[in-house]
Structure formats: C-alpha cells, structure tokens
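J.: Take a look and give me a structure for this.
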Amino acid sequence: MAAEFDFETALSQLNEIVDKIESGECSLEESIKLFEQGIELSDTCTKKLDEAKKKVLQLTSKEEQ
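T.: Numbering: from 1, shown residues only. I've put the predicted structure just below:
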C-alpha cells in the first residue's frame with residue numbers, strides 16, 4: 001500500500017478490514033490479502049499516534065519551561 005493516509009482514514013479502513021475478515025465470508029486468499037493491508041494500516045496508525053504523542057510532549061515541555 002503506497003498511499004499515505006491520515007489517522008482517521010487509516011483507522012476507518014482498518015475497521016472495515018476487521019469487519020470483513022470477522023464476517024467469515026472471505027476466502028483464505030482474500031483474508032490473507034486483507035490481513036496484510038490491515039498490518040500496513042495498523043503501522044500507519046501507530047506512526048501517526050507516535051507523532052502526535054511526540055508533539056504533545058514537545059508542547060507540554062515548552063509550557064513547563
């Protein structure tokens with residue numbers, strides 16, 4: 001997945017993938033493909049949350065000084 005998403009879009013797509021896999025209606029091959037996409041989206045969400053945490057820590061440390 002080459003596209004970069006914002007956090008909300010990535011999370012929404014990840015939830016859709018989880019719903020599809022949990023429905024049990026996907027073939028094994030499709031489930032694996034969706035799982036791979038889900039891992040990429042999860043990594044994107046984690047990256048975005050880490051960036052937000054770093055920003056908040058920077059802002060709060062400036063206020064303390």
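
J.: only C-alpha atoms for contact and neighbour calcs from this point on.
T.: Noted.

J.: Which stretches in this structure count as helices?
T.: For the chain, applying DSSP state H gives helices covering 7-23, 28-64.

J.: Let me have these in CSV, extended by mean neighbour count.
T.: Formatted as CSV, those follow (neighbours: other C-alpha atoms under 10 Å):
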stretch, mean neighbour count
helix 7-23, 15
helix 28-64, 13
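
J.: In a markdown table: the ones you listed, plus mean pLDDT.
T.: What follows is these, written out as a markdown table (pLDDT from 0 to 100):
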| stretch | mean pLDDT |
| --- | --- |
| helix 7-23 | 97 |
| helix 28-64 | 94 |
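
J.: Quickly note the distance from Gln13 to Asp50.
T.: Counting by C-alpha to C-alpha, to the nearest Å, the gap from Gln13 to Asp50 is 19 Å.

J.: for Leu59, that is, sorry about that
T.: From Leu59 across to Asp50, the span is 14 Å (C-alpha to C-alpha).

J.: again, but for Thr44
T.: Distance, Thr44 to Asp50, using C-alpha to C-alpha: 10 Å.

J.: Also Glu36?
T.: For Glu36 relative to Asp50 (C-alpha to C-alpha), the value is 21 Å.

J.: How about Phe35?
T.: 22 Å.

J.: backbone phi and psi for Cys26, please?
T.: Cys26 adopts backbone torsions of phi -90, psi 150, taken as degrees, to the nearest 10.

J.: burial measure for it, as a count.
T.: Neighbour count of Cys26, defined by other C-alpha atoms under 10 Å: 13.

J.: All set now, cheers.
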